[in-house]
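Asker: What follows is a protein structure lacking sequence information:
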């Protein structure tokens, strides 16, 4: 199994629509955190672009390792360095520890879904039963869980429901890559409110697109 490339979401008539991450990322609530981080890295003389690219590669691989743990597939690591693989294995260790405490019965794994009603798409990481309850699980590899992630996963719940899959609970797992990052397991609260925010962001996306002449 190779790590996923960018997915293009299309309606049945072939029209391309935005993805959940594109919409949830427009709110910018985490912007100040990123600015503070970039300033700190700059003072330490670290090239933030190279650092982010490396961390992104580790995160992508750690995510793929975790999904493969449930599917039984083998991840292709040929394009990754030894250090990146080692860090990604740290993420997998956290995921394995979580798995050991739960009974997980996957139904859908990284399955792209498109909403014909609301005109957007998304790819939930894991959908199935966790300890007997239908859940959508989103795996993050980073410094923490932010409100944007809640908005994103609320859209996943809607996509699954529209496609005929019941969702009782939405969970986000943050599996750390390095020692200065922390494992976190969050059941998303106020999921209906976050879905409402997503719908407003989606409206803004399409209004802005029309203002730009559909570009």
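Answerer: Okay, I see it. Computed from a prediction, not measured in an experiment: that's the story for all the values here.

Asker: Return the set of buried residues in stretch 136-155.
Answerer: 136-143, 145-146, 148-155 (16 or more other Cβ atoms under 10 Å). Where C-beta positions appear, they are placed from N, C-alpha and C, glycine not excepted.

Asker: actually stretch 89-99, not the one I wrote
Answerer: Buried residues in stretch 89-99, counted by 16+ other Cβ under 10 Å: 89-92, 94-95, 98.

Asker: gap between it and the chain center?
Answerer: Relative to the mean C-alpha coordinate of its chain, stretch 89-99 is positioned 17 Å out (Cα atoms, centre = their mean, to the nearest Å).

Asker: and if you look at stretch 168-187?
Answerer: 11 Å.

Asker: what do you get for stretch 80-87?
Answerer: Distance of stretch 80-87 from the chain centroid (Cα atoms, centre = their mean) equals 21 Å.

Asker: residues making contact with that stretch?
Answerer: By Cβ atoms under 8 Å, 6 or more residues apart in numbering, the residues outside stretch 80-87 that reach it are 54, 57-58, 61-62, 77, 88, 177-178.

Asker: So what pairs up with residue 115 in the strands?
Answerer: On the basis of DSSP bridges, residue 115 is bridged to residue 120.

Asker: Mind giving me the packing neighbours of the lengthiest strand in the chain?
Answerer: Ranked by number of residues, the top strand in the chain under DSSP state E is strand 133-140. For strand 133-140, the packing partners by 3 or more Cβ pairs under 8 Å, 6 or more residues apart in numbering; DSSP states H and E come out as helix 48-71, strand 126-130, helix 147-162, strand 169-174.

Asker: Let me see the mean pLDDT of the longest one.
Answerer: For helix 48-71, the mean pLDDT works out to 82.

Asker: now swap in stretch 82-92 and tell me
Answerer: For stretch 82-92, the mean per-residue pLDDT is 92.

Asker: how far is it from where the chain is centred?
Answerer: Using Cα atoms, centre = their mean, the mean C-alpha position of stretch 82-92 is found 18 Å from that of the whole chain.

Asker: measure residue 153 to residue 66 for me?
Answerer: Note on residue 153: its distance to residue 66, by Cβ to Cβ, to the nearest Å, is 16 Å.

Asker: ok, now which ones touch residue 107?
Answerer: The contact partners of residue 107, taken as Cβ under 8 Å, 6+ apart, are 127-129, 165.

Asker: Any idea how far apart the tips of stretch 140-148 sit?
Answerer: Stretch 140-148 stretches 12 Å from its first residue to its last (Cα to Cα, to the nearest Å).

Asker: Quick one: mean pLDDT over that stretch.
Answerer: Mean per-residue pLDDT for stretch 140-148: 88.
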